[in-house]
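**Student:** Any chance you can model this:
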Amino acid sequence: MGKAVKIRALTAPPLPLSEFDPGAYLGELEFYETNAPITDEDRDGLAQFTHFLAFLALQAQSNRWDSSVIPRDSLAHRALESHFGDLEGWPNVPKRGLSYRALAGFLMQHFPPRPPK
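**Tutor:** Okay, the predicted model is just below:
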């Protein structure tokens, strides 16, 4: 099993949210690997954060939602793949990156959104 990852610094998404691209935002965050193995809690936390970014984009009716991708060469993509890539139904990732819409749909099956604890 892989190592868990954390986000080094979380910044507010750029405004206006009507132009928010959750894939680009997530792809620009800096992730780092820990010494701890990936747990279900780690997976759920990353999934819930991913759902939250989708919620922001959809709530704001972002014009970037439909085309949003997480770049294939980003730390975010590597983190997502290490946490979820072994689950059934992991989306195929074209060269340009992982579709945010496909990712959100995939995570709905395994880690549905829920209110914060």
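**Student:** For the rest of this, base every contact and every neighbour count on C-alpha atoms.
**Tutor:** Noted.
**Student:** and the closest residue to D66 other than its chain neighbours, how many neighbours?
**Tutor:** Distance criterion CA to CA, 6 or more residues apart in numbering; nearest residue to D66, sequence neighbours excluded, is R101 at 7.1 Å. Number of residues near R101 (other CA atoms under 10 Å) recorded here: 17.
**Student:** Run the chain-centre distance for the helix or strand of the chain with the lowest mean pLDDT.
**Tutor:** Least confident helix or strand of the chain, by mean pLDDT, DSSP states H and E, is strand 3-7 with a mean of 87. The offset between the C-alpha centroid of strand 3-7 and the centroid of the whole chain comes to 13 Å, using CA atoms, centre = their mean, to the nearest Å.
**Student:** Can you dump the C-alpha atoms of whichever helix or strand comes after that strand in CSV for me?
**Tutor:** The C-terminal neighbour of strand 3-7 among helices and strands, as given by DSSP states H and E, is helix 22-28. In CSV, the C-alpha atoms belonging to helix 22-28 read as follows (Å, rounded to 0.1, in the frame of the first residue of the first chain):
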residue,chain,number,x,y,z
PRO,A,22,-11.7,22.8,-9.5
GLY,A,23,-9.3,20.6,-11.5
ALA,A,24,-6.8,23.4,-12.1
TYR,A,25,-7.1,24.6,-8.5
LEU,A,26,-6.5,21.1,-7.1
GLY,A,27,-3.7,20.6,-9.6
GLU,A,28,-1.9,23.7,-8.4
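**Student:** pLDDT weak spots in this protein?
**Tutor:** Residue ranges of the chain with pLDDT under 70: 1.
**Student:** Output the contacting helices and strands for the lengthiest helix in it.
**Tutor:** If you go by DSSP state H, the chain has its longest helix at helix 40-59. Counting by 3 or more CA pairs under 8 Å, 6 or more residues apart in numbering; DSSP states H and E, the packing neighbours recorded for helix 40-59 are helix 22-28, helix 75-84, helix 100-110.
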